[in-house]
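1. Predicted model, plus sequence, below.
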Amino acid sequence: MAILQGSWISGGNSGHLFIWGETWRTKASLGSSSANGALSHPFAMTQAELTSFLRFHRLSIDQFIETSGSSRPNRHQPVQQSQPNKWQAKVIALPTQTASPEGAYPLLSTQSLLDNSDDPPLEWQLWTVEGFCLEPAEAVKLLQALPLGSFQAADAYVGGSLRFWSQVMRWSLDLLSRCKFLPGLYRQPNGEAVAGWQPLLDSAIDQARLEKFTQLMPSSCRAYQELGTGDGGQGGQGGQGRDLTALSAIPPEELLLAFLSCVVDVQVRHWVQAQALPETESTVQEWLRSLSITSDPLEAPPEAVARLEAALQTWTTPLQQNLVAPTSQSLRQNLWRTCFALKPPTAGETNWQLEYCLQAVDHPDFLVDAKTIWSQPAEQLQYQGRTIEQPQETFLRGLGLATRLYPPIEPSLHQPRPQSCELTPIEVYEFIRASAWRLQDNGLGIVMPPGLAPGAGAKRLGISISAEVAQSKQKERLGLQSLLKFKWDLAIGDKTISKKEFDRLMSLQSPIVEVGGEWIALQPSDVKAAQAIFATSQEEMTLRVEDALRLSTGDTTTLAKLPVVKFEASGALQELITNLTGNQSVELIETPEGFHGTLRPYQLRGASWLAFLERWGLGACLADDMGLGKTIQTIAFLLHLKQQEVLESPTLLVCPTSVLGNWEREVKKFGSSLKVIVHHGDKRLKGKAFARAVKDKQLVITSYPLLFRDATTLEDISWQGVVLDEAQNIKNPSAKQSKAARELKAGFRIALTGTPIENRLSELWSILDFLNPGYLGNQQFFQRRFAMPIEKFGDRDSLQTLRSLVQPFILRRLKTDKDIIQDLPEKQEMNVFCGLSAEQATLYQKLVDESLTEIESSEGIKRHGLILTLLLRLKQVCNHPAQYLKEKNLGEAKRSGKLLRLQEMLEEAISEGDRALIFTQFAEWGKLLQPYLEKQLGWETLFLYGSTKKQQREEMVDRFQNDPEGPRILLLSLKAGGTGLNLTRANHVFHVDRWWNPAVENQATDRAFRIGQTRNVQVHKFVCNGTLEERINDIIESKKQLAEQAVGAGEDWLTDMDTDQLRSLLLLDRNAVIDD
């Protein structure tokens, strides 16, 4: 994986977006070639590499290149024009390590400047990079296509500089949507006049954005320069060499304004090209044509152009200082602006005053009234220690603009020295609702009484609610739909008002009223809702647990169509909200009776959290990292329910077919007192027979394929609970097994997953809708309310609201969390038990039957050889039928239980950003695995085995260890990877087939777990259920302390068994076959 870099490069009246690719390479491959004095960037992608990289991310450069003419048409260009060469070279200044043995090389963007104090010192140097140059229209297309609101690791390929320009481009779209642009005419350096569309940054919001973007611009955006050729930005690389003084970095605000000017102009031109031009005076006609069709200089008499220029100047005078021209270096900073202060009526009066004044931009509370401004007709006004330049001109310019936006003030401007205008209460209401924001959006100030100020400070007529759990004589299970006992009062802010007070306010017949010394605007919809609520009995109004949760997270803000201005919970409801919103930890349960083992502190907290949500009938998603023990936390939770004597009905556990055996083993190991049945295989019970069989059971284990296939049987049972392991299996809400899962009747629901579901919104909705049906709305609502705003527009407010909603139901702990890592051993070893597919079972049984007959009639060295050959072939069958049958590819994962489970575990590890080593003793198995894993996982997989040349071997290890965005998986043959390697970047080790020699396996594992390892290492040893692998593993486990001496010679000790012992060892247990 590489990083896409680039920036906007301004040139004259236009500019272009330059993009290039940065990829990691081994230091051994770094060259020191130079191009025209600047070193060639050793990590820059070639044209072929960058083209391939863009296509991989569905950003093929062809889709962004204009096919006819340039992005800003020119009348002298033919309609069909061949494109100039888009592949060009630029020079960039980068931090450079200069004292390394390999020579100077630039720091990668993914490397920290503080990574290692032992690294060579850094200096700034110039480097030549090659990439694609995109014209403004092409740049807009690309920047729109880049992921913006995504937090997935798969989208980490976009560099910080391009993310910045993508954000600025979205700002330009916002300007266009608000019509913040004007047509203009500006002079080129040679004096020629050119028409163009100019962004208008007159509102306080846009000026704040300009300042923010200027501050946040990455320094790399300004490091691209043309050196010494004066070619106007077309790839010059003059002979400036390493002379950094040749880099006169463009100021960030100037570069930002140049970009805005170009992208706004090109987008407006695209919109108006199809518009018919009005018949008008020839010079104006030429100007209009230039605004829509061509960017050429105006072809009109100089005096006519001058008149048009003067007219445009007069027309835009009030806005001139906030217009952005292609030649703008910065916007004039407005220190003062015209402001309108709304003043309440005095005693005995009903009308309001809208007073005119000047307001300090940097201190909105600093106001200069109109009387003071008019009393000192000087070019400079000194007032309370501050200086105002040209106060009357600034004041009048703002009043003139305001007249166009709010006509009611126009009559007052007929006075020689206007100071204010009078407004009726209705006019005040209309001003607040419809006009104040428009004035602010155009750069004018607004001051209102606190209760009327827009935003969070505005006071509204609303409802105050206090709620608690309703007392019930019967034992009733709570849930999201449980009704609450609550009391409501009408309120304004934190002040409650009675029905009598409300009637008094209504009698005033004014939309603006004073309550408790504060003025508020009564919205007609609020008044109507309040009247309706007074006419409704308490019994007709309902409040559910779900409503209370939404009110506490801020997602819901209304009840009975009135805004909820205050919400209080008490008793058990307050405990629920406090715990779910993360303000305090849930009460810990004790390690349940019958749990065989020790729960680590974080695991006990996880089981307690599940028990807490179960008590409230709420669905829970336990999303801990792989290896943190989601299985034993679930077992402990079920044992807790049993101990509390509330496990009255069976719980259904659904898992991938590949881990059925694992679950059965883990339950027997840690919770043997649980009554368990596995619903699986061609002899499984159905219908009434199934119902009778599970009646006295506490846990029923089945697989996802049967969830749909046996839906009728499973839906007939009223389950105490349903647990979905690897819950990402229902990430597609329209899949049959996802629909079947949602149809199950259950008292509680739990989802177990190791993948970060919060990064995949469709998956998040599907799992949460299973856990708590309807909580996030239906799928269409969720797409419209959350998915589209977050993923397409990067809406942070929607993201925060969604997080607040789902956070109570998702518990995710990472291996790297400080309070988790201290609980973990440095090396975790675990067996991964896998079943056999029907195809594997058939091949296995056939091999055993045929070979045992021949072995029984042989002796000596021949018998010894036959046994070793049989063991070898059986291991091949356990890996995959394709290996044993010598096929060229693996086909579908379901042909092999091991491959199915390996793929699932690797997907989870990669999603967490981990790296893995996979050991096998078969080179031919590795050659089959490598292309399969690359295709299924979408990541490059390296394969190091005995025939790998030394240079390739060193490069693989270097890439795996040191490339920040390098391959996540390294496949090794056990012998080739067992010695002489340091692979501490890996924190997962998979032994997919076993050497049955603990010393050899431990030596291979120590490639990752050795000096230099800073993370916990998880070792996964694959074992096929019901085969010789399981029985040999049991022998090794039972002789753990003596294993190296007892079975340290590989498989040789197995050849000493007699035929009966061998038959017992090799016997196939048909219950291990995983086909559903």
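-> Arrived safely, thanks for sending.
2. Need the nearest residue in space to Asp547, chain neighbours excluded.
-> Leaving out its chain neighbours, the residue that sits closest to Asp547 by Cβ to Cβ, 6 or more residues apart in numbering is Thr556, at 6.4 Å. To be clear about C-beta, it is placed using only N, CA and C from the backbone, and glycine gets the same treatment.
3. ugh, wrong one, Trp616
-> Nearest in space to Trp616, with sequence neighbours left out and distances taken as Cβ to Cβ, 6+ apart, is Leu478 at 5.1 Å.
4. neighbours of Ser161, just the number please.
-> 24 (other Cβ atoms under 10 Å).
5. for Gln392, same thing?
-> Neighbour count of Gln392, defined by other Cβ under 10 Å: 18.
6. Repeat that for Lys86.
-> Lys86: 17 neighbours (other Cβ under 10 Å).
7. go on, Val992?
-> Val992: 25 neighbours (other Cβ under 10 Å).
8. Can you tell me the strand partners of the helix or strand containing Ser464 and which way each runs?
-> Element membership of Ser464 [criterion: DSSP states H and E] is strand 461-469. Sheet pairing of strand 461-469 (DSSP bridges) gives strand 484-492 (antiparallel), strand 562-569 (parallel).
9. can you put the ones you listed in JSON lines and add distance to Leu1067?
-> Below are those laid out as JSON lines (distance: least, Cβ to Cβ, whole Å):
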{"stretch": "strand 484-492", "distance to Leu1067": "60"}
{"stretch": "strand 562-569", "distance to Leu1067": "62"}
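10. So for the lengthiest strand in the chain, what gets flagged as buried?
-> If each strand of the chain is counted by residues according to DSSP state E, the longest one is strand 122-134. Using 16 or more other Cβ atoms under 10 Å as the test for burial, strand 122-134 gives Gln125, Leu126, Trp127, Thr128, Val129, Glu130, Gly131, Phe132, Cys133, Leu134.
11. Return the residues in contact with Cys621.
-> By Cβ atoms under 8 Å, 6 or more residues apart in numbering, the contact set of Cys621 is Ala727, Ile750, Ala751, Leu752, Thr753, Ile757, Ile767, Leu768, Leu771, Phe809, Ile810, Leu811.
12. where does the residue nearest to Trp616 land in three-state SS?
-> Classification of Leu478 by DSSP: H, G, I helix; E, B strand; the rest coil places it in coil.
13. Double-check it against Val469; I have them as touching.
-> Yes. With contact defined as Cβ atoms under 8 Å, Leu478 counts as touching Val469 (7.1 Å).
14. which one among the contacts of Cys621 gets closest to Ala300?
-> Ile757 (62.6 Å; Cβ to Cβ).
15. Would you check that the closest one makes contact with Leu771?
-> No. Between Ile757 and Leu771 there is no contact under Cβ under 8 Å: 11.1 Å.
16. domains in this protein, as residue ranges please.
-> 3-96+125-272, 336-448, 461-580, 601-821, 827-1072 (automatic domain parsing).
17. Identify the spatial nearest neighbour of Gln188, chain neighbours not counted.
-> Nearest residue to Gln188, sequence neighbours excluded (Cβ to Cβ, 6+ apart): Val194, at 5.8 Å.
18. any idea how far the one you found lies from Leu647?
-> According to Cβ to Cβ, to the nearest Å, Val194 stands 80 Å off from Leu647.
19. ok, now Arg222?
-> Distance, Arg222 to Leu647, using Cβ to Cβ: 65 Å.
20. okay, now the nearest residue to Glu743 once chain neighbours are set aside: neighbour count?
-> Of all residues not flanking Glu743 in the chain, Glu715 sits nearest, at 5.6 Å (Cβ to Cβ, 6+ apart). Glu715 has 13 neighbouring residues, counting by other Cβ under 10 Å.
21. Tell me who's in contact with Glu715.
-> Glu715 is in contact with Ala740, Glu743, Leu744, Lys745, counting by Cβ under 8 Å, 6+ apart.
22. Pull out the buried members of these.
-> When neighbours are counted using 16+ other Cβ under 10 Å, the contacts of Glu715 contain these buried positions: Ala740, Leu744.
23. My guess is Leu94 contacts Val129. True?
-> No. Contact criterion Cβ under 8 Å: Leu94 and Val129 do not qualify, at 9.1 Å.
24. List the buried residues in the host helix or strand of Lys935.
-> For Lys935, the host element (DSSP H and E) is helix 923-937. The neighbour-count check on helix 923-937 (16+ other Cβ under 10 Å) flags Ala923, Trp925, Gly926, Leu928, Leu929, Gln930, Tyr932, Leu933, Glu934, Leu937 as buried.
25. so which strand or helix has Glu355?
-> Element membership of Glu355 [criterion: DSSP H and E] is strand 352-360.
26. Give the next helix or strand downstream of that strand.
-> Following strand 352-360 in sequence order, the next helix or strand is strand 363-369 (DSSP H and E).
27. pLDDT averaged over that following strand - what is it?
-> Averaging the model's pLDDT scores along strand 363-369 yields 92.
28. which residues are contacting that strand?
-> Here strand 363-369 makes contact (Cβ under 8 Å, 6+ apart) with 336, 339, 341, 355, 357-360, 381, 383-384, 386, 388, 391, 419, 445, 447.
29. Send me the helix holding Lys935 as PDB with only the CA atoms.
-> Below are the C-alpha coordinates for helix 923-937, written out as PDB (Å, rounded to 0.1, in the frame of the first residue of the first chain):
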ATOM      1  CA  ALA A 923       6.100 -25.200   0.300                       C
ATOM      2  CA  GLU A 924       3.500 -26.300  -2.200                       C
ATOM      3  CA  TRP A 925       0.700 -25.400   0.300                       C
ATOM      4  CA  GLY A 926       2.200 -22.000   0.700                       C
ATOM      5  CA  LYS A 927       2.300 -21.500  -3.000                       C
ATOM      6  CA  LEU A 928      -1.500 -22.200  -3.100                       C
ATOM      7  CA  LEU A 929      -2.200 -20.000  -0.100                       C
ATOM      8  CA  GLN A 930      -0.300 -16.900  -1.200                       C
ATOM      9  CA  PRO A 931      -2.500 -16.000  -4.300                       C
ATOM     10  CA  TYR A 932      -5.700 -17.100  -2.500                       C
ATOM     11  CA  LEU A 933      -5.100 -14.800   0.500                       C
ATOM     12  CA  GLU A 934      -4.100 -11.900  -1.700                       C
ATOM     13  CA  LYS A 935      -7.300 -12.200  -3.700                       C
ATOM     14  CA  GLN A 936      -9.600 -12.700  -0.700                       C
ATOM     15  CA  LEU A 937      -8.100 -10.200   1.700                       C
END
